[in-house]
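J.: I need the structure of the sequence given here:
(one chain, ligands or ions: 1)
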Amino acid sequence: MNRVTRLLSIQYPIIQGGMGNISNAKLAAAVSEAGGLGTIGCGTMSGEQVEEIILQTKELTDKPFALNIAINVSPNVDKLIELAIKHDIPVISLSAGNPTPFISKLHEHEKVVLAIVATVKHAIKAEKAGADMLVTEGYEAAGINSPYELTTFTLVPQVAQKVNVPVIAAGGIGDGKGLAAALMLGAEGVQIGTRFIATKEAPFHENYKEQLIRASGTDTVIIGRSFGRIRRVLNSSYIQELIEQEKIGVSLQDYGKFTSEKHHVLGAIKGDLSSGFLNSGQVVGLINDIPSVKDLIEDMIKTANNRMQVGATLLESIAQTN
Ligand SMILES: Cc1cc2nc3c(=O)[nH]c(=O)nc-3n(C[C@H](O)[C@H](O)[C@H](O)COP(=O)(O)O)c2cc1C
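T.: Alright, predicted model coming up:
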């Protein structure tokens, strides 16, 4: 047990990151059932839509799961917080905005609050505001990222040395080696998005999973730099068209239409790659198969243990030869 598993009442310190608008009960429940923490990503969904997914998830698992509320993305933040309270969801992750105004209310209802941060400054601010854990996300991650573009490898230790609450590493982790590395950098757990999409239980379109298997680490691109609103996606003809539009000065309004949740759902759920897009992190280059969530998590734990022993043995032999 560590602080993360204790606070979240889970077996392994592995969190499935929220995936706004394409989140669903099946994946979240599978992760929680396998000993991690599943998350329902609310995105721009209505309270009614989210409530239905909460009820479905509760049918599939009696283990804890989380609700991710993307503050500046959702038009329904207050309603979603009410829902979390009503349905006794124990963990709330707050991303894409300032978590401060919401933390005390969540604490009044004994929620564990995770704040997603991408700089040391925001980490310190979120800790001062009362966040119980900080998910520090590097910009190798899939989806909306911070314009500061810090990598997980540099961000995690910088945050870990400045805060006292547990740090969860996110961005670029897809196997047990990544988990071991994150722990060595000072994290006490990991949050994973991309790798969980290519699992048996993830009910996304087969085209999405196939694209992830086929892609290498150089097949993701950042869009939205011209607006300071960056997002990491899988390269495609749809995305190339958007990049061309950005070059010739597409308006923020049209950029917003191109990258709207409608087109996200078209890509990820309908598998329509000519008018939809797919979020993906750079870790995609590691994905070669579609395991069950349980097998993936168990393999991560086993491999992480093994890598740590290999590392310790290596250091011992270096010490002996010196
Ligand atoms: C399809 C998809 C949608 C995502 N949507 C959200 C979201 O709504 N809110 C959020 O905080 N993070 C979102 N993320 C980020 C993940 O929660 C997670 O932090 C990230 O994927 C970790 O990096 P990785 O992809 O390298 O594993 C999304 C990621 C993916 C793959």
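J.: In contact with the residue of the stretch 101-250 of the chain found nearest the ligand, which residues are there?
T.: Closest contact between the stretch 101-250 of the chain and the ligand, by C-beta to the nearest ligand atom, is at G193 (1.9 Å). C-betas here are computed from N, CA, C, even on glycine. When contacts are counted by C-beta atoms under 8 Å, 6 or more residues apart in numbering, G193 touches 16-17, 19, 141-143, 170, 279, 281.
J.: switch to 7 Å and redo it
T.: 17, 19, 141-143, 281 (C-beta atoms under 7 Å, 6 or more residues apart in numbering).
J.: So L155 sits against Y139, correct?
T.: No: using C-beta atoms under 7 Å, L155 is not in contact with Y139, being 8.8 Å away.
J.: Can you give me the distance of E82 to T194?
T.: E82 sits 31 Å away from T194 when distances are taken as C-beta to C-beta, to the nearest Å.
J.: and if you look at M1?
T.: Separation of M1 from T194 (C-beta to C-beta): 27 Å.
J.: Between the two, which has more neighbouring residues?
T.: A side-by-side neighbour count of M1 and T194, using other C-beta atoms under 10 Å, places T194 first with 30 against 8.
J.: Count residues in the vicinity of the nearest residue to the more buried one once chain neighbours are set aside, would you?
T.: Sequence neighbours aside, G281 is the residue nearest to T194 in space, at 4.1 Å (criterion: C-beta to C-beta, 6 or more residues apart in numbering). A total of 34 residues lie near G281 under the criterion other C-beta under 10 Å.
J.: can you check the one 4 residues further on too?
T.: Neighbours of G285 under the rule other C-beta under 10 Å: 15.
J.: hang on, it packs against S216?
T.: Yes: between G285 and S216 there is a contact under C-beta under 7 Å: 4.7 Å.
J.: of L155 and Y139, who's got more company?
T.: A count of neighbours by other C-beta under 10 Å puts L155 above the other of L155 and Y139, at 26 against 21.
J.: which of the residues in the helix or strand harbouring the more buried one are buried?
T.: Per DSSP states H and E, L155 falls inside helix 152-160. Applying a neighbour-count criterion of 16 or more other C-beta atoms under 10 Å, one finds 152, 155-160 buried in helix 152-160.
J.: for stretch 268-288, same thing?
T.: 268-269, 271-273, 276-284, 286-287.
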